[in-house]
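Peer 1: model the following, please.
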Amino acid sequence: MKNLVLITLAFLVNLTFTNAQVLDAGNPDVAAALSNAQVEGSPLSNAFQRRTPMMDKMFRDVKDNGNFEYYYVGAEVGSAYETENFAIGQVFYENEFLGKFYYRHNAFSNEVEVKRTLLEEEKHKALVKNEKVYLLSQKGQKMQFLSFFNRKNVLKEGYLTLLFEGENYSLHRRLRIKFSEAKPAANSMVNPIPSKFTQYTEYYIQKKGADKIVELPGKKSKFLKHFEGSKGGEIAALIKEKELDISSEKDLIQLFTFADSLK
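Peer 2: Down below sits the predicted model:
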């Protein structure tokens with residue numbers, strides 16, 4: 001059964017489709033592997049296949065022979081992507097290596113777009129959203145689709161990048177991108193506001209042995225409460241001594257490394 005699931009997941013990230021490659025959706029193992037795949041008639045969803053009201057505002061209607069077609073035009077300022085260019089990465093199902101792919105993270109649509117090649121004629125697909133599937137970047141950073149709680153204690157799902165993993169604590173980063181519509185000038189004395197993407201970086205903590213991943217607060221006093229016993233005091237002393245900033249990724253990694261070493 002395990003081999004069948006692995007073969008199925010390997011197919012999910014295979015971007016070369018032929019008429020002979022058909023999934024048996026009635027097979028229980030195939031159905032289980034596809035349960036979190038966000039599919040609509042294909043093992044891989046297209047990156048812009050799932051439409052939302054906000055996403056519709058980013059499309060322009062173009063009339064062609066009486067029919068309307070949609071063209072993605074993006075925003076005037078910023079980007080929906082963490083990095084516009086595709087980078088090489090390795091895809092795994094649990095510990096099984098599935099292959100190398102070119103990828104880029106569309107943080108606005110909450111997708112990882114993947115391609116076999118960098119050829120322009122090859123259309124990208126979206127990596128299956130399954131917690132057992134993860135991607136390793138060239139820097140060795142692990143990106144994975146996970147469930148987590150934001151600062152309002154609301155359960156969310158999305159891609160998290162693992163920055164530090166110790167014996168007691170793990171540190172994750174989430175890139176969230178918001179789209180804002182353009183606004184015309186209210187009068188001749190002010191400039192119009194262009195449409196734009198705005199990036200927000202969030203950091204999350206997971207304690208060893210706990211399934212719950214929670215967003216770290218921005219205030220130092222609340223941040224320290226995530227570390228039990230005397231660890232909070234020792235971490236506070238290090239922050240003061242080294243003049244560390246809990247909003248800095250580099251400083252957070254240093255703090256988590258230190259916290260993980262405390263007994």
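
Peer 1: quick one, helices of the chain?
Peer 2: 2-12, 28-34, 53-56, 220-224, 231-242, 249-261 (DSSP state H).

Peer 1: how about the last one, which residues are buried there?
Peer 2: Buried residues in helix 249-261, counted by 16 or more other CB atoms under 10 Å: 251-252, 254-256, 258-260. The way it works is simple: take the backbone N, C-alpha and C, and place the C-beta from them, glycine included.

Peer 1: residues contacting it, please?
Peer 2: Identification of contacts with helix 249-261 by CB atoms under 8 Å, 6 or more residues apart in numbering yields 163-164, 166-169, 171, 173, 201, 203, 216, 227, 231, 234-235, 238-239, 242, 244-246.

Peer 1: partner residues bridging residue 179?
Peer 2: Residue 179 has these beta-bridge partners by DSSP bridges: residue 197.

Peer 1: please tell me how far it sits from residue 136.
Peer 2: Residue 179 sits 29 Å away from residue 136, going by CB to CB, to the nearest Å.

Peer 1: domain parsing of this protein, as residue ranges.
Peer 2: The chain breaks down by automatic domain parsing into domains covering 2-216, 217-263.

Peer 1: low-confidence ranges in the chain?
Peer 2: Counting by pLDDT under 70, the chain has low-confidence residues at 1-75.

Peer 1: how about the strands in it?
Peer 2: Along the chain, counting by DSSP state E, strands occupy 59-64, 67-72, 87-93, 96-106, 111-115, 125-126, 133-136, 142-149, 155-165, 169-180, 196-207, 213-215.

Peer 1: let me have these in a markdown table, adding mean neighbour count and distance to residue 80 as columns.
Peer 2: As requested, those are arranged in a markdown table below (neighbours: other CB atoms under 10 Å; distance: least, CB to CB, whole Å):
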| stretch | mean neighbour count | distance to residue 80 |
| --- | --- | --- |
| strand 59-64 | 10 | 13 |
| strand 67-72 | 10 | 9 |
| strand 87-93 | 18 | 16 |
| strand 96-106 | 18 | 5 |
| strand 111-115 | 23 | 10 |
| strand 125-126 | 24 | 13 |
| strand 133-136 | 21 | 18 |
| strand 142-149 | 18 | 16 |
| strand 155-165 | 17 | 13 |
| strand 169-180 | 19 | 6 |
| strand 196-207 | 17 | 6 |
| strand 213-215 | 18 | 22 |
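
Peer 1: quickly list what the residue nearest to residue 163 when sequence neighbours are not counted is bridged to.
Peer 2: Leaving out its chain neighbours, the residue that sits closest to residue 163 by CB to CB, 6 or more residues apart in numbering is residue 171, at 4.6 Å. Under DSSP bridges, the beta-bridge partners of residue 171 are residue 164, residue 205.

Peer 1: fine by me, we can end here.
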